[in-house]
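Asker: Please find the sequence and the predicted model below.
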Amino acid sequence: MSLQDLLTSSLDTNHPDALAFMQGVQGNILKGHDRLHTAQIFVTFNANAQAARAWISGDLSRRLTSAKKQDEQIKEYRAKRDKGHPFVAFFLSYQGYVRLGIADSVTPADVYFRSGMKSVPAGEQNVVADPPPRRWEPNFRGRIDAMVLVGDDDRDRLDVTVDVLTKELASTSEHTFVERGDVQHFDFGDGRGNIEIEHFGHQDGISQPRMIKKDIDDEIAERGSANWNPGAPLSLGFVGEPNRPDEFGSYVVFRKLGQNVKAFRTARDALAGALGVSADDAAALAVGRHRNGKPVMPATAPQPGKDANDFNFKSDLSAALCPYQSHVRKTNPRGDTVVFLDQTEESERSLRILRRGIPFGERPDLAPDSMLPPPESGVGLLFMCYQSKLIQFVIQQEGADSNDFVKTGVGPDATLGNNTAGAAQQWPINGNPAAKSFLMSNFVTMLGGEYFFAPSVSFLASL
Ligand code: HEM
């Protein structure tokens, strides 16, 4: 049996080949690295490709956190509860493969990857309509070859690591810059303690495809599975590296997304007025979940302290409860494409993504005695996701921006969508679908990003 056979199902960590698989792939894909702070170091290599390759196969490779190492670190952390270890991952863009002189035969082939985020591949049916790169932040306008992701619970130690890496990169790069992310917490006062939220104020990171069998079993035990199966085969996130048997990587999307919190709140308040509901209930309709994570759709009651995720939209085909334009319905239609677009459940499920984003930016306005208004800029999400083919991300972003997903004329995603010709969406009142027409969108701005590949640990060591 080859490791390739593992891809067709979720990972049973007791399988004789599981360890070899986890040793070979980078961490953060099978499950999130879960550190409180991150630094993303973006690199444009200089012409000395040999030196860059030596750094990658040497110093960088020694620091990498494989899935196996990540697992060991989690076990050690549970036992010791100390400050743990830094997490390190490394990604190359298509331009990076070219710059390093890596053979085309072993370079990942996805069309979106090869065209890069700054352009749209010719002839593809599904595309993301981003603002032109000249409107991105200056750092992102030029060529980006690689990204190093460092995660750490200890901010000072993270600063030291960034400093060391930046110095190491000085001789092999033309340009480097760093983005910093910090988990944001909020206590909803419901006994769950500090919960991870995004800048609009909602709990984030609840619904994820689970690729490890034990994680699937745990989620089903905690949240139920009558309406939604969180499981996924390894092939959702991993793909074989071309012409490298038994080596696996994952495509990575990185996008710095600015959030205009003030505009979101203004629209939310106006929507609340139009529907005669509270501001929090209006925001819940825009997201598909309340601020504390509770789905707008009825869901199986989870175990105490756990988050509900066992719901789908089959009982709400007219969108009387959860609008089509709500963020979670746009990005994970949970059956809608089977009903409205004649897709199979299997194909819909194969378009899910593994989200690994982290917020950026300070929020002095959230201090208890602050009189500051909510920010219009300077805060947002360092959005990251892994997938085995980039269409998984592309189709979600395209659907979020589109007026016509999942049905013609429903308008853009009310949280994420960006569309200068957005159609007013229909909103329910008291279980009556399409009771009010109101446009809510354009709060998230793409500030820059790139498509990357997370190669296997052994591929990087071979450079
Ligand atoms: C600043 C931008 C964004 C914000 C504020 C945001 C916020 C949220 C929130 C609050 C949730 C609900 C919590 C959860 O289910 O985990 C969520 C879920 C989700 N988001 Fe986003 N998100 C953003 C960007 C994106 C992007 C760019 C994508 C993909 C193109 C995306 C895809 C998803 C998916 C797939 C889910 C889970 C849906 C489900 O399985 O029910 N999000 N997001």
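Answerer: Now that the structure is in, tell me what you want to look at.
Asker: buried stuff in the helix or strand of the chain with the lowest mean pLDDT?
Answerer: Ranking every helix and strand in the chain by mean pLDDT, DSSP states H and E puts helix 67-80 at the bottom, with a mean of 92. By neighbour count with 16 or more other C-beta atoms under 10 Å, helix 67-80 contains the buried residues 67, 68, 69, 70, 71, 73. C-beta: built from backbone N, CA, C; applies to glycine.
Asker: For the stretch 151-300 of the chain, which segments count as helices?
Answerer: 155-169, 213-223, 261-275, 279-287 (DSSP state H, counting those that start in this stretch).
Asker: going on from the least confident helix or strand of the chain, what's the next piece of helix or strand?
Answerer: strand 87-92 (DSSP states H and E).
Asker: residues making contact with that following strand?
Answerer: With contacts defined as C-beta atoms under 8 Å, 6 or more residues apart in numbering, strand 87-92 is touched by 26-28, 33, 35, 56, 60, 63-65, 70, 73, 100, 145-152, 161, 252, 254, 452-455, 460.
Asker: could you give the angle of that strand to helix 155-169?
Answerer: Between strand 87-92 and helix 155-169, the angle comes out at 40 degrees (axes from the mean of the first three to the mean of the last three C-alpha atoms, to 10 degrees).
Asker: now strand 87-92, how far from the chain's geometric center?
Answerer: In terms of C-alpha atoms, centre = their mean, to the nearest Å, the centre of strand 87-92 is set 15 Å apart from its chain centre.
Asker: Give me the angle between that strand and helix 67-80.
Answerer: 160 degrees.
Asker: what does the stretch 101-250 of the chain have sitting close to the ligand?
Answerer: By C-beta under 6 Å from any ligand atom, the residues of the stretch 101-250 of the chain that approach the ligand are 198, 200, 202, 204, 205, 206, 207.
Asker: The fourth one - how many residues pack around it?
Answerer: Neighbours of residue 204 under the rule other C-beta atoms under 10 Å: 21.
Asker: Look up phi and psi at residue 398.
Answerer: The phi/psi pair for residue 398 (degrees, to the nearest 10) reads phi -60, psi -40.
Asker: Pretty sure it sits against residue 127.
Answerer: Yes. Using C-beta atoms under 8 Å as the test, residue 398 is close enough to residue 127 to be in contact (6.5 Å).
Asker: Can you check the pLDDT for the residue nearest the centre of the chain?
Answerer: Nearest to the mean C-alpha position of the chain, counting by C-alpha atoms, centre = their mean, stands residue 355 at 2.8 Å. Note on residue 355: pLDDT of 98.
Asker: how about the helices in the stretch 1-150 of the chain?
Answerer: 18-24, 49-55, 61-63, 67-80, 94-99, 111-115, 138-141.
Asker: Now tabulate those helices in CSV and tack on distance to residue 386.
Answerer: Rendered in CSV, the data for these read as follows (distance: least, C-beta to C-beta, whole Å):
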stretch, distance to residue 386
helix 18-24, 15
helix 49-55, 24
helix 61-63, 20
helix 67-80, 12
helix 94-99, 17
helix 111-115, 13
helix 138-141, 20
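Asker: that older thread, which residues are in contact with the nearest residue to the residue nearest to the centre of the chain once chain neighbours are set aside?
Answerer: Excluding the flanking residues, the one nearest residue 355 by C-beta to C-beta, 6 or more residues apart in numbering is residue 385, at 5.0 Å. Going by C-beta under 8 Å, 6+ apart, residue 385 touches 252, 253, 353, 354, 355, 356, 357, 392, 393.
Asker: Just the ones of the contacts of strand 87-92 in strands?
Answerer: Among the contacts of strand 87-92, the residues falling in strands (DSSP state E) are 146, 147, 148, 149, 150, 151, 152, 252, 254, 452, 453, 454.
Asker: Is it correct that residue 202 is in contact with residue 283?
Answerer: Yes. Judged on C-beta under 8 Å, residue 202 makes contact with residue 283 at a distance of 7.1 Å.
Asker: neighbour-wise, which of those two wins?
Answerer: The neighbour count for residue 202 versus residue 283, taken as other C-beta under 10 Å, is higher for residue 283 (26 against 23).
Asker: What is the neighbour count of whichever residue of the stretch 1-150 of the chain sits closest to the ligand?
Answerer: The ligand sits closest to residue 128 of the stretch 1-150 of the chain, with a gap of 8.7 Å, by C-beta to the nearest ligand atom. The number of residues packed around residue 128, counting by other C-beta under 10 Å, is 20.
Asker: Please report how far residue 308 lies from residue 363.
Answerer: 27 Å (C-beta to C-beta, to the nearest Å).
Asker: Kindly report the same for residue 226.
Answerer: The spacing between residue 226 and residue 363, counted by C-beta to C-beta, is 38 Å.
Asker: okay, those two: which has more neighbours?
Answerer: residue 363 (17 against 11).
Asker: per-residue confidence for that one?
Answerer: Model confidence at residue 363, given as pLDDT, is 96.
Asker: Next, count neighbours for the nearest residue to it once chain neighbours are set aside.
Answerer: Nearest non-adjacent residue to residue 363, counting by C-beta to C-beta, 6+ apart: residue 379, 6.5 Å away. When neighbours are counted by other C-beta under 10 Å, residue 379 registers 21.
Asker: Now do the contacts for the residue of the stretch 101-250 of the chain found nearest the ligand.
Answerer: Here the stretch 101-250 of the chain gets closest to the ligand at one residue, residue 207, 3.2 Å apart by C-beta to the nearest ligand atom. Contact analysis of residue 207 by C-beta under 8 Å, 6+ apart lists 230, 309, 328, 332.
Asker: Take those residues and write them to TSV, including pLDDT, neighbour count and distance to residue 268.
Answerer: TSV is the format used below for the contacts of residue 207 (pLDDT from 0 to 100; neighbours: other C-beta atoms under 10 Å; distance: C-beta to C-beta, whole Å):
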residue	pLDDT	neighbour count	distance to residue 268
230	98	19	29
309	98	23	24
328	98	21	16
332	98	21	22
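Asker: And the residues you listed, which two are furthest apart?
Answerer: 230 and 328 (13.6 Å; C-beta to C-beta).
Asker: name the element residue 420 belongs to?
Answerer: Per DSSP H and E: nothing holds residue 420, as it lies in no helix or strand.
Asker: what about it, distance to the ligand?
Answerer: 18 Å (C-beta to the nearest ligand atom, to the nearest Å).
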